[in-house]
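*Asks:* sequence and predicted model, in that order:
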Amino acid sequence: MILDAFWPLSMLGMFVIGLKILFTGRWKGAARVWPTVAESWAVVTVLTFVIFGEPLSNWIGGGHLLLGYATLGVILALRPELTGPGTEQDSVDVAPGAATSRPRAGVDRHPMSAAVRRPGCR
């Protein structure tokens, strides 16, 4: 019974992560906004429960989870370039499989970049 509280609490934590993604601005377009929508399950479901009661909140909560996370998965699968710290200037058109000595976008901006570089990158 006590463990029943941890799933909604984890969903509230995910909502905070969604807000962090939204306000940090590293992700672009739908990938920036949709995590907040998908991870607002606890907020939406609890408000629905308080206002309308259990039968409707069960349907709203289940539909919200399905639509929110399925859409988030599709966005991340089809448009991975919308995520990450790099800018358009950081991206380089390189043939698939071609070797490059240039580090990944954004690595040099990190204060510990020397510690996190992959072997072979300058």
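*Replies:* Received it, and whenever you're ready, just let me know what you need.

*Asks:* show me the helices in this protein, by range?
*Replies:* In chain order, the chain shows helices spanning 6-24, 29-38, 41-52, 54-78, 113-116, with DSSP state H as the criterion.

*Asks:* export only the CA atoms of the third one, formatted as CSV.
*Replies:* In other words, helix 41-52. Listed in CSV are the C-alpha atoms of helix 41-52, where the atom choice follows Å, rounded to 0.1, in the frame of the first residue of the first chain:
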residue,chain,number,x,y,z
TRP,A,41,0.2,13.1,-16.3
ALA,A,42,0.1,13.5,-12.5
VAL,A,43,-1.1,17.1,-12.7
VAL,A,44,-3.8,16.3,-15.3
THR,A,45,-5.0,13.1,-13.6
VAL,A,46,-5.1,14.5,-10.0
LEU,A,47,-7.0,17.6,-11.1
THR,A,48,-9.4,15.4,-13.1
PHE,A,49,-9.9,13.2,-10.1
VAL,A,50,-10.6,16.1,-7.8
ILE,A,51,-13.1,17.8,-10.2
PHE,A,52,-14.9,14.8,-11.8
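
*Asks:* how much does that helix deviate in direction from helix 6-24?
*Replies:* Using axes from the mean of the first three to the mean of the last three CA atoms, to 10 degrees, the inter-axis angle of helix 41-52 relative to helix 6-24 is 120 degrees.

*Asks:* before we move on, back to that, for the helices of the chain, which one sits closest to Gly84?
*Replies:* Taking CB to CB as the criterion, helix 29-38 is the member of the helices of the chain that comes nearest to Gly84, at 9.4 Å. All C-beta spots, glycine's among them, are computed from the backbone N, C-alpha and C.

*Asks:* just the CA trace of that closest one, in PDB.
*Replies:* Included here for helix 29-38 are C-alpha records, laid out as PDB according to Å, rounded to 0.1, in the frame of the first residue of the first chain:
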ATOM      1  CA  GLY A  29      10.600  22.300 -31.700                       C
ATOM      2  CA  ALA A  30       8.200  19.600 -30.600                       C
ATOM      3  CA  ALA A  31      11.000  17.800 -28.700                       C
ATOM      4  CA  ARG A  32      11.300  20.800 -26.500                       C
ATOM      5  CA  VAL A  33       7.600  21.100 -25.700                       C
ATOM      6  CA  TRP A  34       6.200  17.600 -25.800                       C
ATOM      7  CA  PRO A  35       8.100  16.100 -22.800                       C
ATOM      8  CA  THR A  36       6.300  18.600 -20.500                       C
ATOM      9  CA  VAL A  37       3.000  17.600 -22.100                       C
ATOM     10  CA  ALA A  38       3.700  13.900 -21.800                       C
END
